[in-house]
Structure formats: C-alpha cells, structure tokens
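In: 3D, please:
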Amino acid sequence: MSLASLKPLCLALLAATLPGLASAQLTANVSLTSNYKFRGQDQHVHPIKAVNPAIQGGFDYAFGESGFYVGNWNSSVDWQTGNSIESDLYGGYKFKAGEVDLDLGALSYVYPGNNRGNTTELYGAATYGPVTAKYSHTVSKDYFGWAGAKTSSHRGRNTGYLNLAFAQEVAPSITLKAALGYTHFAGDIRDQGVPNYVDYSLGGAYDFGAGLSLTAAVAGATKKSFFGDANKARLIVTLTKTL
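Out: Residues are numbered from 1 along each chain as shown. Model prediction:
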C-alpha cells in the first residue's frame, strides 16, 4: 500500500477517533473591573479601597463536541509581597444528565514571583435552568497562603467551598445575577482563629452585543478579614469583551 493511499485511511481513523474535532473552539476575553473580589474578599489590599481597578483576561479552548476543555484566566492582584498577578490554569469535562448540565474539573491558582498562596482545587458543578451549584475542594497543601507555606506545618488541604448561583434574563439583553457561597476551612486554618464565612453577590449584566457586556454587582462577605475591610460590601462594575 502506497503512502498516498494511506492518507485518506488515516484521516478517516482520526475523524472516527476524535469526533467533533472540527467544531473545536477557541475563545478569549478581556475585562476591566473596579475591584477584584474572590469569594467576597478584596484581592488588592495595599491599600484597601472601594475602587481598586484590575485588568483581567484569558482564553478557553473547547475540544469540539467531546465535552473536554482547558483554559487560562489572569488578573492583577496585590495581597502578597513579590507578586502582582494571579494566573489560573484549569481543565475539565462537561456533559449532560437529562436536563442537568454537569461540569467536572481541576483548577490551579498560581502566583508568579511568590509561590506562597498557590492552590489547587477539584470542582464539580450542576446547572438546572437558571441555577448552578458548584463545590470546590482543595487538594494542595496550601490554601491561598492561610496554611501550607514551606515554613509552616499547617495544612489548608480539605478546605471546601460551596457556591449557589442564579442567572436569569429578565428583559432583552438584561440578566439578573445572584450568588451565595460558603467557605469551610481545614482544621489547621480554623485552629489559627480564622472563621468559616459566607460571601454574597447581587447584581445584573447588560449585553451590548458583539461580545461586549457590562456587569454591576454588590459583593462582599461576612466576618472580618485578616486584611481589615477586605470583606466589606462593594459595588463592583466590570466591562468585558469576549472574542
């Protein structure tokens, strides 16, 4: 059999092995936000202000109809020495179970220049209609610097985060959004006097079309943060362009 005759056979085998590859899709996004909060807590704390703009952006690559995806998301931050960037790396698998959309994956939060705070979680999410429930479970020793540093015997592993989110279009181009989250720290973190806490967000988004949207939400968290007013409720405005 000649090499020329093998080519169509190889292409047929590749198509059969990787169905939906032709529909693989790469998307990118960039945002400017008035303040970056993560699970209700300010990520710019030097100093803490109601308006601390952050530039954010990333990309997602979906492997066609297979359900697998990978991505990267980045944001400017300022909460630890020697670091000004958060870089998230993630991958997972999306599929359906009846009318429920399921999503399983892993996510690593990386802080170049200061690896204290590097955290890896496994997550699972289920969406039914406008409601999404997501649980994230820490598998790294560190949990965002609270425990797990090389000089510490404490562990952040097994910290859990549960989030319930609601998103519903209430008028043309207008979507109402609300979320409630609960962080349950690992025992070593609680032993240091850090309490479990609840975070919240309530707001809406306007879709201008052509991938441009504007979101405004009041977000914050219960309990007082180690960084003072970092958990304080704030109005956060974000402009996003998706490509």
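In: C-alpha only now, for contacts and for neighbours.
Out: Noted.
In: next helix or strand past the helix or strand of the chain with the lowest mean pLDDT?
Out: Across the helices and strands of the chain, mean pLDDT, DSSP states H and E gives its lowest value to helix 3-17, namely a mean of 43. Note on helix 3-17: by DSSP states H and E, the next helix or strand toward the C-terminus is strand 25-33.
In: strands paired with that following strand, and their directions?
Out: strand 54-62 (antiparallel), strand 234-242 (antiparallel) (DSSP bridges).
In: Select, out of these, the one closest to residue 27.
Out: Nearest to residue 27 among the strands paired with strand 25-33 is strand 54-62 (5.3 Å), distances taken as Cα to Cα.
In: Can I get that closest one as CSV, trimmed to CA atoms?
Out: C-alpha atoms of strand 54-62 as CSV (Å, rounded to 0.1, in the frame of the first residue of the first chain):
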residue,chain,number,x,y,z
ALA,A,54,-7.9,45.4,38.0
ILE,A,55,-7.2,44.2,34.4
GLN,A,56,-8.3,40.6,33.7
GLY,A,57,-8.4,38.2,30.8
GLY,A,58,-7.9,34.8,29.5
PHE,A,59,-8.9,32.1,27.0
ASP,A,60,-10.8,28.9,26.7
TYR,A,61,-10.4,26.0,24.3
ALA,A,62,-13.2,23.6,23.9
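In: what's the distance between it and the middle of its chain?
Out: Put simply, strand 54-62 sits 10 Å off its chain's centre (Cα atoms, centre = their mean, to the nearest Å).
In: Let me know the angle separating the following helix or strand past that strand from strand 25-33.
Out: Sequence-wise, the next helix or strand downstream of strand 54-62 (DSSP H and E) is strand 68-76. On the basis of axes from the mean of the first three to the mean of the last three Cα atoms, to 10 degrees, strand 68-76 is oriented at 20 degrees to strand 25-33.
In: who's in contact with strand 68-76?
Out: Contact partners of strand 68-76, identified using Cα atoms under 8 Å, 6 or more residues apart in numbering, comprise 54-63, 84-94.
In: now stretch 92-99
Out: By Cα under 8 Å, 6+ apart, the surrounding residues in contact with stretch 92-99 are 67-70, 101-106, 128.
In: ok, residue 207 touching residue 173?
Out: Yes: using Cα atoms under 8 Å, residue 207 is in contact with residue 173, at 4.9 Å.
In: Have a look at the two and say which one is more surrounded.
Out: Ranked by neighbour count (other Cα atoms under 10 Å), residue 207 and residue 173 place residue 207 first, with 15 against 12.
In: count of residues packed around the nearest residue to the more buried one once chain neighbours are set aside?
Out: Nearest residue to residue 207, sequence neighbours excluded (Cα to Cα, 6 or more residues apart in numbering): residue 213, at 4.4 Å. Residue 213 has 18 neighbours, counted by other Cα under 10 Å.
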